[in-house]
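Enquirer: Predicted model follows, preceded by the sequence.
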Amino acid sequence: MTTQPPDPKLTMVYPCAWVFKVIGADPAALRAAAAEVFGDTPCAISTSNSSRTGRYHCLNLQVAVADEATRQTFHHQLKQHAAVKLVL
């Protein structure tokens, strides 16, 4: 019988920089979504990838998050935005 060690839990040290990857059809609408969600919080936006056909685009949104609750709130708001198809 083999004993498995307990699953190590990832711990984050806050505050920290966090990168959200957002995917959607319109890069301008994704940038507008970031502006709506992050408000006055500074956000660095960079282009990640686009599909070969140009149908989907991915942006990296880097923000400073103070705690886990803030990170989850940003993630939830991005996920709920109409322009965003997927948040990673």
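Expert: Right, received. Where do you want to start? Keep in mind it's a predicted model, so treat the numbers as computed, not measured.
Enquirer: where along this structure do the helices fall?
Expert: With DSSP state H applied, the chain shows helices at 27-38, 68-80, listed in chain order.
Enquirer: could these be laid out in JSON lines, adding distance to Ser50?
Expert: All C-beta atoms are positioned from the backbone trio N, CA, C, and that covers glycine. Listed next are the helices of the chain as JSON lines, based on distance: least, Cβ to Cβ, whole Å:
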{"stretch": "helix 27-38", "distance to Ser50": "8"}
{"stretch": "helix 68-80", "distance to Ser50": "19"}
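Enquirer: which residues sit in contact with the spatially most central residue of the chain?
Expert: Geometric centre of the chain, nearest residue: Phe20, 1.9 Å, by Cα atoms, centre = their mean. By Cβ atoms under 8 Å, 6 or more residues apart in numbering, Phe20 lies in contact with Asn60, Leu61, Gln62, Val63, Phe74, His75, Leu78, Val87, Leu88.
Enquirer: The first one contacts Ile23, doesn't it?
Expert: No - counting by Cβ atoms under 8 Å, Asn60 sits too far from Ile23 to count as a contact (10.9 Å).
Enquirer: Could you check which of those two has the larger neighbour count?
Expert: Ile23 (18 against 15; other Cβ atoms under 10 Å).
Enquirer: which residues of this protein score low on pLDDT?
Expert: By pLDDT under 70, the weakly predicted segments of the chain are 1-7.
Enquirer: wait, Ser71 sits on Pro15?
Expert: Heads up, residue 71 is Arg, not Ser. No - assessed by Cβ under 8 Å, Arg71 is found out of contact with Pro15, at 10.1 Å.
Enquirer: Which one's more surrounded, the two?
Expert: Per other Cβ under 10 Å, whichever of Arg71 and Pro15 has more neighbours is Arg71, with 17 against 11.
Enquirer: which residues sit in contact with the closest residue to the more buried one other than its chain neighbours?
Expert: Leaving aside its sequence neighbours, Arg71 sits nearest to Val65 (Cβ to Cβ, 6 or more residues apart in numbering; 4.4 Å). Counting by Cβ under 8 Å, 6+ apart, Val65 makes contact with Tyr14, Pro15, Cys16, Ala17, Trp18, Arg71, Phe74.
Enquirer: Right, I'll call it a day here.
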